[in-house]
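**Q** Could you work out the structure for the sequence below:
(2 chains)
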Amino acid sequence: MADKPLPAVGYLKIPENGKPYLQGCKCSSCGAVFLGERDNCSKCGARGGMEEVQLSNQGELYSYCIVHRSFPGIEVPYVSAIVDLEGGGTVKGNLINVEPEPDKIPFGMPVEVVYDDALGRKDRDGNSYLSYFFQPR
Amino acid sequence: MTDAYVIGVDMIKFGRFPEKTVPQIGSEAALLALDDCGLKIQDMQALYCGNLGQASGMVGQRILQEIGQTGVPVINVSNACATGATAFREAWASVKAGLYDVVLAVGVEQMGKGLLGGGGGATGIPKEGLLGSGTMPAVFAEAGMEHSRKHGTTFEQFAKVSVKNHHHATMNPKAMYQIETPLETVMNAEMISYPNTKLMCSVNVDGSAAAVIASEQKARELGLMGRAVKVRASVLTSDPWQERDLVMPDVNTCTRLAASQAYEMAGVGPEDVDLIELHDCFATAEILHYENLGLCPDGEAGRMIDDGEVELGGKIPVNVSGGLLSKGHPLGATGIANIYEVSTHLRGEAGERQVEGARIGLTHVIGLGSACGIHILEKAS
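**A** This is a model prediction of the structure:
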């Protein structure tokens, strides 16, 4: 078992000495920004030339829905949110610290990315995970 | 190139048939479509079979093992919810290319109950409810909320789609449900993913649909032009790059691309179309496609549903079959079932729900991931 939490997804990076961040990449030909790593650009078709970038922790709420029915064992309701990050990159995740009511969740709301334990979820080896969430700024 | 015609087409009444196998369910529609044009399986020169749940299971061959092993080529097709339309299109293309002059396309699905989507990776921890939701009701709720953000579309307007389609289904004996659902009932049903309530989600059902497609010369030789339906356009697109599409599947761009290609191929515009069967997998989705298919300018979809323009008797009736919301959505069968619906109206055989004087109709499906299939059909002259 790892002595520290593992990242919940590959594009969440946990540096040895530093704060966790979301990793993206940018096409050096057309400037398209993608979440995570990739070899080629699916916007312009350029081969190679993808540059790693650290995505911003600041963004705004683009769209969302309020999930009232999910799979057994998953706590509801929760807000499933699509967030556009400053400087490029769009990420999906849970929007926390808001009331799960449509009139309390305005489009364009400024949000920040925060990092916390993955709701207590552990893998079969008992490892803990670090995940990311959005909350209003 | 020759023109291609639908000469036989039918579907089974959608329902739940756990006691049957997928090939048995598919065979029923295949035989109905053959009977519709008075042909036999021995007359078919190829079979194009759409199925998702058993995509590696040689469903087309197993259908022939039920109804006649003639040794013809069988092409099994899987393309998410565009599976049936893709099988139909491949069949159409083979006739257009002159490879065959009469072929059979079948779409079939046997579904479980419950939420689709949201499956996690094989390693690590489950992501559902941790990184938002990947369930289909949530994904399409987010797509609907994008429309709300741009145009102010309301929960009530989305709900009206479901009221309309359930009403249409009361006139369709082959629909899963024939039950009126007033607006309050739809809006007060269990909330699945806001703004989609349970009655705004398509019904998981088992079903099948099939079509016999022939070249013009073959249709004439067989004396079947009287009820034949001409395929004026067949288009399939995939999802062009969009900045959010890694986390938010985009059903709009691929539909707009397919629509513009289909109207150009058919030489018609949206104003020439008399009825539409479009992909109302969720009530939120239907609203998006009024604009995507050019039925109204951007931002006016909410007004269209408010004004009743998309109801039977309205300016452009949409989903008079009851749609996926009430007729049901057996994934692999849906694309051919909506070709059956439009063909039935063009033939003037739709009974109580007949769109009077229908001459041109359009079918549309979306397979998330993504694929868009559009067909424009016209009564043979």
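
**Q** for the stretch 1-150 of chain B, what spans make up the helices?
**A** Assigned by DSSP state H, counting those that start in this stretch, the stretch 1-150 of chain B shows helices spanning B:22-37, B:59-67, B:83-96, B:136-151.

**Q** can you tell me which residues contact the closest residue in space to A:S80 that isn't next to it in sequence?
**A** Spatially, and ignoring its direct neighbours in sequence, A:S80 is nearest to B:G132 (3.5 Å; CB to CB, 6 or more residues apart in numbering or on different chains). (Glycine included, C-beta is placed from N, CA and C.) Neighbouring residues of B:G132 by CB atoms under 8 Å, 6 or more residues apart in numbering or on different chains: A:80-82, A:92-94, B:138.

**Q** what comes into contact with stretch B:25-33?
**A** Contacts of stretch B:25-33 with the rest of the structure, by CB under 8 Å, 6+ apart, involve B:8-12, B:17, B:41, B:49, B:51, B:59, B:63, B:66-67, B:104, B:106-108, B:110, B:206-212, B:333, B:336.

**Q** quick one on the thing from earlier: and B:L257, which of the helices of the stretch 1-150 of chain B is closest to it?
**A** Evaluated with CB to CB, these place helix B:83-96 nearest to B:L257, the distance being 15.0 Å.

**Q** List the buried residues of that closest one.
**A** B:83-92, B:94-96 (16 or more other CB atoms under 10 Å in any protein chain shown).

**Q** Any chance of the backbone angles for the residue nearest the centre of chain A?
**A** The residue lying closest to the centre of chain A (CA atoms, centre = their mean) is A:V91, at 4.7 Å. Backbone torsions for A:V91, taken as degrees, to the nearest 10, come to phi -130, psi 150.

**Q** ok, back up a step: quick one: closest of the helices of the stretch 1-150 of chain B to A:E75.
**A** Among the helices of the stretch 1-150 of chain B, helix B:136-151 sits nearest to A:E75 (CB to CB), with 14.7 Å.

**Q** Now do the helices in the stretch 151-300 of chain B.
**A** So, for the stretch 151-300 of chain B - with DSSP H, counting those that start in this stretch - the helices run B:155-169, B:183-188, B:216-221, B:251-266, B:283-292.

**Q** Nearest to A:M50, out of the ones you listed?
**A** Comparison of these against A:M50 by CB to CB identifies helix B:251-266 as nearest, at 22.9 Å.

**Q** Could you give the number of residues near residue 1?
**A** Unless you meant another one, I'm taking chain A. Counted with other CB atoms under 10 Å in any protein chain shown, residues neighbouring A:M1 total 9.

**Q** my question was about chain B
**A** For B:M1, the neighbour count with other CB under 10 Å is 8.

**Q** Was I right to think it contacts B:S94?
**A** No - using CB atoms under 8 Å, B:M1 is not in contact with B:S94; the gap is 11.7 Å.

**Q** I figured A:R137 was touching A:V113, is that so?
**A** No - checked against CB under 8 Å, the pair A:R137 and A:V113 is beyond contact range at 10.3 Å.

**Q** Strands - which of the contacts of stretch B:25-33 land there?
**A** Among those, the ones falling in strands (DSSP state E) are B:8-11, B:49, B:104, B:106-108, B:207-212.

**Q** What residues does chain B have near chain A?
**A** Within reach of chain A by CB under 8 Å from any CB of the partner chain, chain B has these residues: B:115, B:118, B:123-133, B:135, B:137-138, B:141-146, B:148-149, B:155, B:190-196, B:241, B:243-244, B:246-248.

**Q** which stretches of chain A have low pLDDT?
**A** Chain A contains no residues with pLDDT under 70.

**Q** just the helices in it please.
**A** Here chain A has no helices by DSSP state H.

**Q** could you point out the longest strand in it?
**A** Under DSSP E, chain A gives strand A:110-122 as its longest strand.

**Q** Nearest to B:V320, out of the helices of the stretch 151-300 of chain B?
**A** Across the helices of the stretch 151-300 of chain B, B:V320 has its closest neighbour in helix B:155-169 (4.9 Å, CB to CB).

**Q** For the closest residue to B:V9 other than its chain neighbours, the count of nearby residues, please.
**A** Spatial nearest neighbour of B:V9, excluding adjacent residues (CB to CB, 6+ apart): B:A211 at 4.4 Å. Applying other CB under 10 Å, we find 34 residues neighbouring B:A211.

**Q** what does B:T70 give?
**A** For B:T70, using other CB under 10 Å, the count is 15.

**Q** Just to check, B:L64 is in contact with B:A46?
**A** No - using CB under 8 Å, B:L64 is not in contact with B:A46, being 11.0 Å away.

**Q** ok, which stretches of chain A are strands?
**A** Under DSSP E, chain A gives strands at A:6-7, A:12-13, A:21-27, A:33-35, A:50-54, A:58-67, A:78-85, A:90-95, A:110-122, A:128-136.

**Q** wait, does the fourth one make contact with chain B?
**A** Yes - applying CB under 8 Å from any CB, one finds strand A:33-35 touching chain B at A:33-35.

**Q** now, among those, which is nearest to B:Y263?
**A** A:F34 (32.8 Å).

**Q** which residues pair with the nearest residue to the closest one once chain neighbours are set aside across the strands?
**A** What sits nearest to A:F34 in space, not counting adjacent residues and going by CB to CB, 6+ apart, is A:C25, at 5.4 Å. Beta-bridge pairing of A:C25 under DSSP bridges involves A:F34, A:E52.

**Q** Not counting sequence-adjacent ones, nearest residue to B:N319?
**A** Spatial nearest neighbour of B:N319, excluding adjacent residues (CB to CB, 6+ apart): B:N165 at 5.0 Å.

**Q** How about the contacts made by the one you found?
**A** B:280, B:286, B:319, B:322-323, B:325-326.

**Q** Which of the residues of chain B next to chain A are buried, as a PyMOL select command?
**A** Burial among these is assessed by 16+ other CB under 10 Å; the matching PyMOL selection reads:
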select buried, chain B and resi 115+118+124+125+126+127+128+129+130+131+132+133+135+137+138+141+142+143+144+145+146+148+149+155+191+192+193+194+195+196+244+246+247+248
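
**Q** Looking at the residues of chain B next to chain A, which are in strands?
**A** Among those, the residues falling in strands (DSSP E) are B:191-194, B:196.

**Q** Any chance of those residues in a markdown table with pLDDT as columns?
**A** What follows is those, written out as a markdown table (pLDDT from 0 to 100):
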| residue | pLDDT |
| --- | --- |
| B:M191 | 98 |
| B:I192 | 98 |
| B:S193 | 98 |
| B:Y194 | 98 |
| B:N196 | 98 |
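
**Q** a markdown table please, covering these and showing distance to B:Y290.
**A** Output for these, formatted as a markdown table (distance: CB to CB, whole Å):
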| residue | distance to B:Y290 |
| --- | --- |
| B:M191 | 24 |
| B:I192 | 23 |
| B:S193 | 21 |
| B:Y194 | 21 |
| B:N196 | 17 |
